[in-house]
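Q: Below are the sequence and a predicted model for it; my questions follow.
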Amino acid sequence: MPLGVFEPRRLIGLMNQTKSRSSFLKDTFFGKEMAHDTRAIEVDIIKGRRRLAPFVSPLAKGTIVDRQGAITRSVTMPYVKMGIPTTAGQALDTKAAGQTIYQGTPSQRLNLQLAKDVALLKDMSARREEAMCADALVNGKVTALGDGIDVQVDFLRPASHRVINTATAAAWDAAGVDILAQLRLHARTIIQSSGFQPNICVMGSAAADAFIKNIEAQGSNRLSHTKLETGAIKLDGLQSGATYLGNVQGVDFYEYNEWAEDAAGVEQPLLAANQVIFGSTRGESIFHYGAIEDLAVGTKWATKYFVKSWVEENPSVRNLLAQSSPLPALHRIESIMSIAAL
């Protein structure tokens, strides 16, 4: 029996298939996803160690070693819930972009409005996830503050991985500064503490301007665009806000300009103009989704999104509700460094 257009499984499929252009940080740094059937999960924060295998006589017992150090934290996942109502009048009046008259039946127009609303909810969800990723990468923690929720998940970033150059001689726009030399020093810190070689640098607009100016002044360290020429970086595949600048010394550089409205309705950059994210995309970071707290979910507690729709009789309204429990987790927190560049 075919699923009705308003069945949760159909709506969830529609939301999952709806593409978002606001997921550069998530796709770049949190390539793996995990859905859980609980709201509380255990997050392992792994501290890398470089130990040598011990020498022993072949006749001696093997030396007992402890496992690689990790801090396990129990975390209650943040929660996102948002809905859109549709009245019968809206179903009668809805038309597609470019239409000069209302085409199709009211039921067809209702389905059209449903698709628009699902796309809107997906865009809002993706933008929230992207903002959470920016929070984790820049601040080493995720803060969820809203109606009935006040949660902070701290990934215990060491002070050595939060660099403040603002108003100092090391600022990227200061006279005589060598940005590449700075990044080489930061790369050594990341490699020593995590074992991961930095391969990406994502910059806010002011930091990107200072970087390009500094690179051009050095002359011999110009940005390479070989990856563009070979197709390794495809510009048409970049999400909204991400601009590929080139590669220097094995590191891909991007300028990032993505925005979102704050609680007051004022647009704010997800990555501040002076902010830089420097590190490795291979640091085992995972985007987690907790269980959905809704009886209508049935047996599918572990899912990225849950979408349902129902009708209220008086007044006559069809409600569309989307829910998710997202959390980006930096399991190798020392593979990423946050820099206030200027």
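A: Okay, I see it.
Q: Name the SS class of Lys304, please.
A: coil (DSSP: H, G, I helix; E, B strand; the rest coil).
Q: and it, backbone torsions?
A: Main-chain dihedrals, Lys304, degrees, to the nearest 10: phi -70, psi -50.
Q: so it makes contact with Met34?
A: No - the criterion here is C-beta atoms under 8 Å, and Lys304 misses it with Met34 at 9.9 Å. Just so you know, the C-beta spots here come from the backbone N, C-alpha and C atoms, and that holds for glycine as well.
Q: Find residues that contact each of these two.
A: Tyr289 (C-beta atoms under 8 Å, 6 or more residues apart in numbering).
Q: quick one: which of the two has more around it?
A: Counted by other C-beta atoms under 10 Å, Lys304 and Met34 do not tie: Lys304 has more neighbours, with 18 against 14.
Q: Just give the closest residue to the more buried one, not the sequence neighbours.
A: Spatial nearest neighbour of Lys304, chain neighbours left out: Tyr289 (4.8 Å); criterion: C-beta to C-beta, 6 or more residues apart in numbering.
Q: give the contact list for that neighbour.
A: Taking C-beta under 8 Å, 6+ apart as the test, what Tyr289 contacts is 33-36, 77, 302-304, 324-327.
Q: Kindly recompute the last result at 10 Å.
A: Listed by C-beta atoms under 10 Å, 6 or more residues apart in numbering, the contact partners of Tyr289 are 33-36, 41, 77, 129, 302-306, 324-327.
Q: Buried members of the residues you listed into ChimeraX, please.
A: To isolate in ChimeraX the members of the contacts of Tyr289 that are buried, counting by 16 or more other C-beta atoms under 10 Å, one can use:
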select :35,36,41,77,129,303,304,305,306,324,325,326,327
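Q: Pick the one among the contacts of Tyr289 closest to Ala264.
A: Glu129 (21.2 Å; C-beta to C-beta).
Q: my read: that closest one touches Ser23, true?
A: Yes - Glu129 sits in contact with Ser23 when judged by C-beta atoms under 10 Å, with a separation of 7.0 Å.
Q: Name the residues contacting each of these two.
A: The contact sets of Glu129 and Ser23 overlap at 30, 287 (C-beta under 10 Å, 6+ apart).
Q: what residues are up against the residue lying closest to His225 once chain neighbours are set aside?
A: Spatial nearest neighbour of His225, chain neighbours left out: Gly246 (5.2 Å); criterion: C-beta to C-beta, 6+ apart. Applying C-beta under 10 Å, 6+ apart to Gly246 gives the contacts 212, 215, 222-228, 233, 252-254.
Q: how about the strands in the stretch 101-250 of the chain?
A: 141-146, 149-154, 162-164, 200-203, 242-248 (DSSP state E, counting those that start in this stretch).
Q: Okay, buried residues for the last one please.
A: Looking back up the chat, that one is strand 242-248. Neighbour-count burial for strand 242-248 [16+ other C-beta under 10 Å]: 242, 244-248.
Q: what would those look like in a markdown table with pLDDT and distance to Ala88?
A: Shown next, in a markdown table, are the buried residues of strand 242-248 (pLDDT from 0 to 100; distance: C-beta to C-beta, whole Å):
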| residue | pLDDT | distance to Ala88 |
| --- | --- | --- |
| Ala242 | 92 | 42 |
| Tyr244 | 93 | 48 |
| Leu245 | 94 | 51 |
| Gly246 | 93 | 55 |
| Asn247 | 93 | 56 |
| Val248 | 92 | 59 |
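Q: re the thing from before, tell me which of the strands of the stretch 101-250 of the chain is the most buried.
A: Mean neighbour count (mean count of other C-beta atoms under 10 Å) peaks for strand 200-203 among those, with a mean of 24.
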